[in-house]
Structures are given as C-alpha cells and as structure tokens.
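Q: below is the sequence, then the predicted model.
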Amino acid sequence: MNAMEAILTRRSIRAYTEEAVTDEQVETLLRAAMAAPSAGNAQSWTFMVIRDRELLDAVPTVHPYAKMTPQAPLAILVCGDVSAEKYPGFWVQDCSAAVENLLLAAHATGLGAVWTGIYPDASRVEGFRRLFSLPEHIIPLALVPLGHPKEHKEQADRFNPDKIKRDRWS
C-alpha cells in the first residue's frame, strides 16, 4: 500500500478478531511511530505495549470512550516524557505525530486501530497514571487499541474546500 492510499483509506477500527498480533508486527508499528518528527529531534515520547488482559479489561473504567479495549488483543499507550523535552510543551505535538504514524502503519500492514484520546482530560490522565503506575514526568496522551480488523469501513472523503484559506483569513 502506498502512502497516499494508506492516508486516504485509514479508518478507526473498533472491532477485532481473536488473532494475535505478533511481536514483529508490534515492532514495525513502534518503528513507524518513532520515525515521526519531533521538536528539536528530542523524541519526547515513550510507548507502553499492553497485552495483560486484566489491564485491557480495566481501561473502560478510566476511559469512557475506550470500550473496545477489552476485545483488543493489545493496546499501545503513547505517553509524553516531559523530562526528555528540548522545547517545553511540544511533547503533545511529538506524540500526536507518533500516534498518526502508528495508525497509518497499522492500516498499511493489515491491522486495525483506533486513537482514543487521554490528554488533556485530567480525570483520564489520572486514571491512566493509577492503572499503569506512571511516574509524574510521564503523561499519557493516547491509547491505541489494535488488532486484526473484524469490521471494514468504506473510504470517507473528508476533503472540504471550505476549510481552506489562502494567504489571509478574509
């Protein structure tokens, strides 16, 4: 799958088969995530691969929009490491770019995934801190449940020329 096809056909997948995701597949996704640009090349991210069924089952207790997680064979928690920042506050952009790369790599390799946002919702951040014993300098940005897709979604054309301004706002 070429890059444009991956970008234009990627969809949020919330239903997965029971087929396992291999360590090699996970490494491919993490390599893609870590290839993302970051402010000052600080790479102020860290990734937690979650396969523990009890933890996956507990995620909906701290995130109301992550109800698909108990059915996923695994999830990747994408966090900012504020101790690694070169430019304070840019960890959010760094991690967001990493999440998008991860989602595109999942789709391009035949997996399905969905971005479930955590930060800046304080209750979600605290819930994930407790559930995964995160230290203070690690801030959870997003959880990406993933697996082999059990559903197929048609391509959506989201191009909207009304969202484009040229040179000046007016």
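A: Great, that's in hand.
Q: contacts only, for residue 128.
A: 62, 63, 77, 118, 134, 140, 143 (C-beta atoms under 8 Å, 6 or more residues apart in numbering). All C-beta spots, glycine's among them, are computed from the backbone N, C-alpha and C.
Q: now for these: which two are most distant?
A: Spanning the widest gap among the contacts of residue 128 are 63 and 134, at 14.1 Å by C-beta to C-beta.
Q: who has more neighbours, the two?
A: Set side by side, residue 63 and residue 134 show more neighbours around residue 63, with 21 against 18, by other C-beta atoms under 10 Å.
Q: tell me which residues touch that one, please.
A: Going by C-beta under 8 Å, 6+ apart, the list of residues near residue 63 reads 69, 116, 118, 124, 127, 128, 143.
Q: return the list of helices and strands in contact with the lengthiest strand in the chain.
A: Secondary structure of the chain per DSSP state E: the longest strand is strand 138-147. Helices and strands touching strand 138-147, by 3 or more C-beta pairs under 8 Å, 6 or more residues apart in numbering; DSSP states H and E, are strand 74-81, helix 91-108, strand 112-113, strand 116-117, helix 122-132.
Q: what mean pLDDT does the first one get?
A: Mean pLDDT, computed over strand 74-81, is 98.
Q: need the winner for burial among the helices and strands packed on strand 138-147.
A: strand 112-113 (a mean of 26; mean count of other C-beta atoms under 10 Å).
Q: picking that back up, nearest to residue 4, of the contacts of residue 128?
A: The closest of the contacts of residue 128, once distances to residue 4 are taken by C-beta to C-beta, is residue 143, at 27.3 Å.
Q: ok, now which ones touch the residue nearest to that closest one when sequence neighbours are not counted?
A: Leaving out its chain neighbours, the residue that sits closest to residue 143 by C-beta to C-beta, 6 or more residues apart in numbering is residue 116, at 4.8 Å. Shown in contact with residue 116 (C-beta under 8 Å, 6+ apart): 63, 65, 66, 69, 142, 143, 144, 145.
Q: about what we covered before: the longest strand of the chain pairs with which strands, and in what direction?
A: strand 74-81 (antiparallel), strand 112-113 (antiparallel), strand 116-117 (antiparallel) (DSSP bridges).
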